[in-house]
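*Asks:* Turn this into a model:
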Amino acid sequence: MEPGGAPPQGLSPLAYRELKPGEVYVPYVPPAQSPPEVTAWSVGWGMFWTVVFSFSAAFLGLKVGQVMEAAIPIAVLAVGFAVFRRTHLLENVIVQSIGGASGVVVAGAIFTLPALYIVGVGTTWWEMALAASLGAVLGVFFLIPLRRYFVRDQHGKMPFPEATATTEVLVTGESGGQAAVVLVAASFVGAIYNFLAGTVQLWKEEVQFLWTAAGQKLADRYKLIFNFDAEASILGLGYIIGPRNSFVLCAGSFLAWYVLVPAFWYVGRHIDIPVEPGKTPFDQLGPVGRGGIFGLYVQKIAVGAIAMAGVLSIIRSLRIVAGSFIKGVRDVKSGHGAAGAQVERTDRDLPMGAVLAGIVASLVGIYLFFQFFVGISFGHSLGATAASALFAFLFTTVSALAIALVARNPVSGMTLLTIFVTGTLFLPVGLSGPLGMRVTLLIACIVCTALSTSGGFITDLKAGYWLGATPRKQEIWKIPAVLVASLSTAVAIFLIEKTYPGFKEKIAAPQANLMATMTGGIMSGEPPPYFLYAMGVGLTLVLEFLQVGAMTFALGMYLPMELNTPALVGGIIAHYVRRSSADPEVAKKRWDRGTLIASGLIAGGALIGIVGVFLKQFEGDLWLQAWVPRFLKEVRTGELVSIAAFTLLCVWLYGDSKKAA
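*Replies:* Numbers count the residues shown, from 1 in each chain. Presented below is the predicted three-dimensional model:
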């Protein structure tokens with residue numbers, strides 16, 4: 001028996017559904033047990049993976065334009081390295097939670113900090129480390145008061161697809177047996193499938209049907225394009241999201257691509273001058289890409305819709321958040337900052353007094369950073385601190401909600417909105433030119449890193465809730481984890497810039513280039529597209545009135561269609577698996593087996609994604625692609641093979657799920 005007693009075999013049947021009156025969810029490791037969590041092993045390996053993944057993710061993210069997924073691969077590594085030492089499940093939770101800081105901090109930093117070099121204002125490694133650290137720590141502290149709302153109070157109401165995959169990996173590694181065989185097999189299938197499609201390109205990963213006469217005609221005349229990314233991990237994601245959420249997600253995509261894009265084209269083609277924020281007339285614009293109708297106009301509407309959905313979510317959770325803060329203030333005043341010792345171990349957060357102190361310290365740190373390190377005036381420093389705090393606080397809920405619903409965090413859209421607003425407000429008060437761009441981009445880094453960190457951390461906390469981890473321990477050790485990740489990422493960006501000055505040669509950095517372009521445009525006096533944002537706000541209000549999931553719908557509008565349509569297929573499969581037997585018990589077992597398979601597809605896709613970006617760095621993918629027969633490289637043949645392969649994958653997912661008796 002392990003220290004603290006042996007946990008039960010498998011998660012509770014209540015893990016993935018809403019609780020009925022009187023039901024109580026008991027985690028994998030019950031609250032009454034006190035097994036080891038924070039040990040030299042868990043902290044040491046967690047910090048080791050933080051450094052390794054921060055450096056590698058930063059380099060590969062800038063070099064090939066793809067940010068590595070860290071949380072799930074680190075969960076797999078935690079389970080795998082347990083063969084060298086018998087570890088407790090909750091130790092692996094800490095390894096994953098600490099190590100997962102790498103991917104989220106890297107995403108926030110490389111989206112923004114390289115833009116300082118691209119616009120020509122430059123920076124130093126310690127300035128980058130400070131900005132990323134301040135944002136990441138602020139994101140952790142802002143999220144803690146929201147933990148009970150998202151993790152406990154909304155139990156079963158939000159799918160948490162990434163947390164589900166992480167949980168299944170960790171719990172299956174602990175319990176072993178037939179479940180482990182199913183998970184490993186599904187991970188292997190997902191990895192091989194994504195490797196052949198994405199890295200080797202044995203078939204076309206993205207299906208568009210532009211090789212057909214009808215498809216080409218619709219694209220040319222009406223800007224109507226169907227995009228489908230036949231990827232195993234997105235199929236698994238859709239299965240976990242479920243039919244309703246995946247349908248609402250795709251409904252947002254269909255509105256964007258089949259209504260708004262053609263509508264903008266139909267009206268705009270009669271205007272022979274550019275329409276802001278575009279720089280060319282509509283008759284010269286295509287539908288796709290950041291410079292197309294979708295990126296220039298429709299995504300801006302989606303950003304407004306996402307922001308408004310986040311505000312409404314804040315209003316809904318305001319009672320809980322306000323109550324948490326009020327309790328924290330009372331604890332501080334009464335001198336009982338550690339109150340709440342009677343709370344169950346699995347529901348014990350950092351004392352709210354400590355959270356309030358952390359938020360205040362972070363804000364003071366941001367002010368001192370701008371006052372003494374960036375070198376702007378007292379008033380400008382206060383304004384920069386207020387902007388950082390406001391946008392980080394408002395969008396923390398957006399990030400947590402987006403991750404909880406569809407495992408997609410729209411940090412780039414929220415960061416662009418931050419740049420638009422702060423840049424516009426700074427211009428009249430004298431912050432313009434190189435200094436204005438520097439301040440705006442550093443605020444963007446703080447906000448972007450805060451949002452990315454909070455979105456990733458809610459996944460860790462949900463997985464910990466299912467498994468029975470102590471939230472307070474996860475919260476405490478997330479702070480040094482993000483500090484180590486920030487320092488590692490800043491040093492990596494600094495060294496890469498020394499190798500490729502200005503990020504102008506052999507460096508993709510697509511998000512940073514976009515941030516640089518937007519910042520330069522704002523500082524040159526270009527007006528933000530407030531009308532498009534307002535359209536998104538109005539759309540969200542209509543969706544709320546119709547009781548449609550506004551955040552999911554808006555995310556569907558914002559994300560490229562090819563990332564949403566496979567999720568709908570996964571949701572449909574989940575629907576039919578649930579209805580595959582008249583016996584509710586059998587149907588539930590089949591759905592559970594399908595969830596395990598879907599988690600394996602996600603885990604396999606994440607692991608092979610790391611292999612793929614490394615091969616791309618050394619052009620190993622080109623060597624593999626050279627062996628692909630020429631007829632498979634043709635668009636028509638490649639897409640037909642892709643459809644066939646994806647269909648077989650769907651049949652396997654459905655058929656294997658039904659093996660549960």
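*Asks:* From residue 183, how far out is the residue lying closest to residue 28 once chain neighbours are set aside?
*Replies:* Take residue 28 and drop its neighbours on the chain: the residue closest to it by CB to CB, 6 or more residues apart in numbering is residue 467, 4.7 Å away. Using the backbone N, CA and C atoms, a C-beta is placed for each residue, glycine as well. Computed as CB to CB, to the nearest Å, the residue 467 to residue 183 distance reads 15 Å.
*Asks:* picking that back up, let me know how buried the residue nearest to residue 28 is, in neighbour terms.
*Replies:* The number of residues packed near residue 467 is 23, by other CB atoms under 10 Å.
*Asks:* Just list the residues touching it, thanks.
*Replies:* With contact taken as CB atoms under 8 Å, 6 or more residues apart in numbering, residue 467 is in contact with 27-29, 89-90, 93, 167, 170-171.
*Asks:* What separation is there between the spatially most central residue of the chain and residue 133?
*Replies:* Among the residues of the chain, the one closest to the centroid is residue 409, at 3.6 Å (CA atoms, centre = their mean). Using CB to CB, one gets 19 Å for the distance from residue 409 to residue 133.
*Asks:* Tell me the buried residues in the helix or strand containing residue 575?
*Replies:* Assigned by DSSP states H and E, residue 575 falls within helix 565-578. Judged by neighbour count using 16 or more other CB atoms under 10 Å, the buried positions of helix 565-578 are 565-575, 577-578.
*Asks:* got the contact list for stretch 423-433?
*Replies:* 376, 379-380, 383, 387, 436, 439-440, 519, 522-523, 525, 527-528.
*Asks:* Quick one: residues contacting the closest residue to residue 100 other than its chain neighbours.
*Replies:* The shortest distance from residue 100 to any residue that is not its chain neighbour, by CB to CB, 6+ apart, is 4.0 Å, and that residue is residue 71. If you count contacts by CB under 8 Å, 6+ apart, residue 71 has them with 96, 99-100, 103, 162, 166, 456, 459-460.
*Asks:* run the last query once more with 7 Å
*Replies:* For residue 71, the set of contacting residues under the criterion of CB atoms under 7 Å, 6 or more residues apart in numbering consists of 96, 100, 103, 162, 166, 456, 459.
*Asks:* For the fourth one, which three-state class applies?
*Replies:* It refers to residue 162. For residue 162, the secondary-structure state derived from DSSP: H, G, I helix; E, B strand; the rest coil is helix.
*Asks:* Test my guess that it contacts residue 459.
*Replies:* Yes - in terms of CB atoms under 7 Å, residue 162 counts as a neighbour of residue 459; the distance is 5.0 Å.
*Asks:* Spit out the residues that contact those two alike.
*Replies:* Common neighbours of residue 162 and residue 459, using CB under 7 Å, 6+ apart, are 71, 403.
*Asks:* close enough to count as contact, the residue nearest to the centre of the chain and residue 450?
*Replies:* No - Residue 409 sits out of contact with residue 450 when judged by CB under 7 Å, with a separation of 11.6 Å.
*Asks:* after the helix or strand of the chain with the lowest mean pLDDT comes which helix or strand?
*Replies:* Across the helices and strands of the chain, mean pLDDT, DSSP states H and E gives its lowest value to helix 299-334, namely a mean of 70. Helices and strands here follow DSSP H and E; after helix 299-334, the next one along the chain is helix 352-368.
*Asks:* could you check the angle helix 565-578 makes with the next helix or strand after that next one?
*Replies:* For helix 352-368, the succeeding helix or strand toward the C-terminus, using DSSP H and E, is helix 378-406. If you take axes from the mean of the first three to the mean of the last three CA atoms, to 10 degrees, helix 378-406 sits at 40 degrees to helix 565-578.
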